[in-house]
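Starting from these lines, generate the structure:
(chains A, B and C)
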Amino acid sequence: MTAAVSRARGGHRARRSGGNRVWAVYTALAIALAVAGSPFAWMLSGSFKTDAEIRRIPPTWLPDQATLDNYRELFERLDFPRYFANSLIVTGAVTAGNLVFCSMLGYALAKIDFPGRQALFALVMAALMVPGAVTFVPLFVLISNLGLVDTHLGMILPFLAGPFGVFLMRQYISGLPDEVIDAARVDGAGELRIFARIVVPLARPALAALGILTFLSTWNSFLWPLVVAQSEERYTLPVALALYSIGQNQTRFGLLLAGAVVVVVPVLVVFVALQRFFVQGIAMTGLK
Amino acid sequence: MAVRTVRDRAPALAAPRRTGLSDRTRRGLAAWGFALPFLALFLTFTAGPVLASLLMSFTDLRSSDLRDPLAVDFVGLDNYARLLQDEVFLQAAANTLYFVSAGVPLTILCALGVAVLLDKGVTRLRAFFRLGFYLPVVTSIVAVAVVWRFLLQPETGPVNQLLRLAGIDGPHWLTDPVWAMPALIVMAAWRNMGYLMVVFLAGLQAIPRELYEAAQVDGAGAWARFRRITLPMLRPTLLFGAVITGIGYLQFFEEPLVMTRGGPLNTTMSVSYAIYDQFGFGNYDYASAMSYALFVAIIVLTFVQFRLLRPRT
Amino acid sequence: MKRLTTVAVALAALTALSGCGREAGGPAPDRPAETGAGPARGTVSVWAMGTEGEKLSVLAEGFEAANPGVEVEVTAIPWDGAHDKIASAIAGRATPDMSMIGTTWMGEFARTGALDPTPPGFDEDAYFPGAWATTVVDGTSYGVPWYVETRLIYYRTDLAEKAGVKPPADWAGLKSFAKGMRDRGGARYGIALPPGGTGSWQTFLPFAWQQGASLTGADGGFTLDTPQTAKALEYYLSYFEEGLSPAALQPGELEQGFIDGEIASFVSGPWHIGVLKEQAEDVLDGRLGVTGMPEEETGASFIGGADLAVFKDAGNRDGAWKFAEYLSRPEVQATWYRTVNDLPAVKDGWSGITDPMLKVFGEQLGETRTPPAVSTWEQVASVIDDELEKAAKGRTTGEAALKSMQRKATAIGTGT
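A predicted model of the protein is given here:
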């Protein structure tokens, strides 16, 4: 409804100030898009090329002789369903955990006045800045002592509630109007109820963003799943695909690019599925 | 036992409320309840390893001690003192500062511009464009490296060919000590723009439509609406974007790894790259010290950003 | 959850207790132990990288057939991250029985005390001497060579013919070889030597070895600024000063330049045969040649590859060493070459190799050197790379670069 109204209004304005400006915007966006998308296009076309053609300088944009060999070899050599399932389990659990736990704490930090709030927020921010590389070995020693080596749990637990998500949700929720929440409190609603019934629906765009970003980073993570997995059965998709950079000095580029395309598909699906929460105009009518 | 009795009786005394706790206390308990899962996970999986790695930075632990990490000596602040004499580290610190101060504003401006255009400027194909601008984020770094190297090729690359049309003799971007870093800055902005765009798009949704409609009735133009409504209302999200990009860029690493290996002459060597190197060399003590130096730098930068972008009251 | 927190706290506390400190004089030296007699039994878990990891099960089948009751479990590990994975596994005491280990990592991992010394019974003389040397750390061998690679000079035979130059025998010969192909052969550069940057030490150090340089002295410290290395650096830099070598190269430009005839020669390992053929078989057919390193005091080249090491925490130490012994047999090494093209580390494994280009690599393997097996080598190597780049780009003199290399390498130390 609202979207339709504003579109109609936009149309009026466009006519008044001349359709040229709209065209200018579209042209600018299209050029920017070409720049943004060209490496992706090359990755896609490269996955249908022979290794020799991929190495050629300058690169070709369309394959001279398109071939499906890379994909064929990929699926023949790879226990694809297993790696895909592993990736899905780990990424699904981490994404779900972050959505729930981070929005809970994000709400508390944004809208509840409680003792220790400042300190807790400071802790979250500090956690955000913790240098990852050096905690790696101690974390693995811990996982090893807990008996979580070679388990999905060992890949999931350390990342189940990241400070990034808490910060994002806290920032977004603090931008929501206080009035609705205060009104609910006056009506005697408990915090859990306010969170579930009011905050979560209003924060859907932010949850979508968090979902997209968490899914992306977890799906692509490489080093931690590799170190935790002790057998190929536990490998996630990116780890399994990295096997194709076959030597210290040799790389099968065709397989690598085909693998990159295969890895990216679920990420794009999630993006497309969640981006509908970025539609214009969440009805805020009735709020002041 | 006594405590329990008191609590058991409390509801009756405090009717009509369901519990005897004050609103404030109840809210506080709820808040800590909300914090519990994060805290438990944080204390288990982050606090311990962080403490351990911090302690590492005060010892002489190398990879050859991994099997027996207790048999090391405390060296106090030696590792930190070494940082100040390490020319590679100092150069890396300067490079990182350069990268952050140019890269963060550039990336935020690009992402904000694209997000606002995609939110309001266009109506047709919006979903398509949104997906398009997200593509750099998901493109494999291998493909990114190949295409960008081609774009920046001195003789045949499109960038220099365009410059030649304008009568400019373009540099050998990636092998020129002066131009390698600017090239990487632009590339990083390109790669990270889509990431921030997602966040900004979400942020734009929190701005009530009525504000725009009211402003439009008052005759405010597009720029005025952007400056007086969008920017102030987007403040929390912008702060988030600035902080996250700042933290990310202070840990700038992948671009030099795939494009220049930190060269030429270490002009694109970043602090994170130096940490990665030291870690690879097995100098866990020194790598930790570098990381905590970076940690402090991140805290300072974040503090400054909070100051600059905090809500005006 | 409480248990988890307790463990975390305990871990932190344990680390805090590290007041124990290092034992004076270091740990007691390792003594190799015998392996049991009879066939191998039980499960042997093995980690191997890249193609080796993917194809090792082929060899494992033969081993299992010869030893009923043994089962080999191979886990393939990507090269990216392999170093971190092995290091983490050592720290977390989660190592397999046996692993493939890059030759330049041996010093570092052996010093963790996680590797089992090679038991008696392996014949050192069966392997190329340079290859065996990569397993030796502080006088003790901690594994056996598995496969090797060495570096040769690749050149365009057509350009050499046009220029009327012959493959070089010594340094003067290499210089006129490169000059001839540039001035009369039509190439833009006579030879592409790496102008610094990651890994360039592997091309530079052989020139020092050719002058008879030794990188460590009698006391075990580094000796990078000897007259021999000075001579080598002066010679190396002259290629850039005379415009015989490009001062900057982006990845991929080397291969393309060679195919286009712009770059007449370069130094690299056996993998480049495959890369070049795949990229331009038609252009290079009959125009691709390889030749050994020029000889001064020696004609040494660099040797790399991978070793097989057994971990002290191995559950099946006997089985693992028996598998290593099996993989070292000449016929198994030959099979391995046919399976994945890895060059045999065992001399007798070469009998079946007839490819003329590979044979040149085989000849060069008789004269190779390996960098000192110290745990700090990778770090010292990066110092050499850095200083080499500064000198090649004219930012510093060769003399100053060498002084700086020596000063920094000494500060880094050898990790003892």
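
contact partners of the helix or strand where A:L207 lies?
A:L207 is part of helix A:204-220 when elements are defined by DSSP states H and E. Residues from elsewhere that reach helix A:204-220, judged by CB atoms under 8 Å, 6 or more residues apart in numbering or on different chains: A:87, A:90-91, A:94-95, A:98-99, A:102-103, A:159, A:162, A:164-165, A:168-169, A:172-173, A:200, A:237-238, A:263, A:266-267, A:270-271, A:274-275, A:277-278, A:282, B:137-138, B:195, B:198-199, B:201-203, B:205-206. For glycine as for every other residue, the C-beta is placed from the backbone atoms N, C-alpha and C.

Distance of B:V142 relative to A:L255?
Distance of B:V142 to A:L255, computed by CB to CB, to the nearest Å: 11 Å.

Residue numbers of the stretch 201-313 of chain B in contact with chain C?
Within reach of chain C by CB under 8 Å from any CB of the partner chain, the stretch 201-313 of chain B has these residues: B:261, B:263-266, B:277-278, B:280-283.

Adding pLDDT and secondary structure, write those residues out as a markdown table.
Listed next are those as a markdown table, based on pLDDT from 0 to 100; DSSP: H, G, I helix; E, B strand; the rest coil:
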| residue | pLDDT | secondary structure |
| --- | --- | --- |
| B:R261 | 87 | coil |
| B:G263 | 78 | coil |
| B:P264 | 89 | coil |
| B:L265 | 90 | coil |
| B:N266 | 90 | coil |
| B:D277 | 87 | helix |
| B:Q278 | 88 | helix |
| B:G280 | 82 | helix |
| B:F281 | 85 | helix |
| B:G282 | 85 | coil |
| B:N283 | 88 | coil |
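
Of these, which is the most crowded?
Among these, the one with the most neighbours (other CB atoms under 10 Å in any protein chain shown) is B:G282, at 28 neighbours.

Run a quick neighbour tally on A:I31.
Neighbour count of A:I31, defined by other CB under 10 Å: 10.

And C:A65, by the same measure?
Counted with other CB under 10 Å, the neighbours of C:A65 add up to 9.

Phi first, then psi, for B:F74.
phi -80, psi 130 (degrees, to the nearest 10).

Quick check: it touching B:L61?
No: applying CB atoms under 8 Å, one finds B:F74 not in contact with B:L61, separated by 10.2 Å.

what do these two both touch?
With CB under 8 Å, 6+ apart as the test, B:F74 and B:L61 reach no residue in common.

quick one, strands of chain A?
Read by DSSP state E, chain A holds no strands at all.

For B:M181, which non-adjacent residue is closest in space?
Distances taken as CB to CB, 6 or more residues apart in numbering or on different chains put B:T268 closest to B:M181, at 5.5 Å, once the chain neighbours are dropped.

again with B:A274
Closest residue to B:A274 apart from its sequence neighbours, by CB to CB, 6+ apart: B:A92 at 4.5 Å.

Reduced to three states, what does the one you found come out as?
helix (DSSP: H, G, I helix; E, B strand; the rest coil).

Neighbours of it, how many?
Using other CB under 10 Å, the number of residues around B:A92 comes to 26.

How about the contacts made by the closest residue in space to B:A145 that isn't next to it in sequence?
With CB to CB, 6+ apart as the criterion, B:A145 has its nearest non-adjacent residue at 4.1 Å, and that residue is B:V258. Going by CB under 8 Å, 6+ apart, B:V258 touches B:141-142, B:144-145.

just checking, B:V258 is part of a helix?
Yes: when three-state DSSP is applied, B:V258 is found to be in a helix.

how is the chain carved up into domains?
This is for chain A. For chain A, the structural domains run A:2-69, A:78-243, going by automatic domain parsing.

think we crossed wires, I meant chain B
What automatic domain parsing lists as the domains of chain B is B:2-56, B:82-309.

Can you tell me which of those domains is most buried?
domain B:82-309 (a mean of 20; mean count of other CB atoms under 10 Å in any protein chain shown).

quick one, helices of the stretch 201-350 of chain C?
Taking DSSP state H, counting those that start in this stretch, the helices of the stretch 201-350 of chain C run over residues C:201-210, C:227-241, C:253-259, C:271-284, C:317-327, C:330-340.

Verify the stated contact: the residue nearest to B:A274 with B:V271.
Yes: under the criterion of CB under 8 Å, B:A92 makes contact with B:V271 at 4.8 Å.

Low-confidence stretches in the stretch 51-200 of chain A?
Residue ranges of the stretch 51-200 of chain A with pLDDT under 70: A:57.

Over to the stretch 1-150 of chain B?
For the stretch 1-150 of chain B, the stretches flagged by pLDDT under 70 are B:1-20.

So which bits of it are right by chain C?
For the stretch 1-150 of chain B, the residues in contact with chain C (CB under 8 Å from any CB) are B:40, B:43-45, B:47-48, B:51-52, B:55-56, B:59, B:62-74, B:88, B:146, B:149.

Please consider this matter closed, and thank you.
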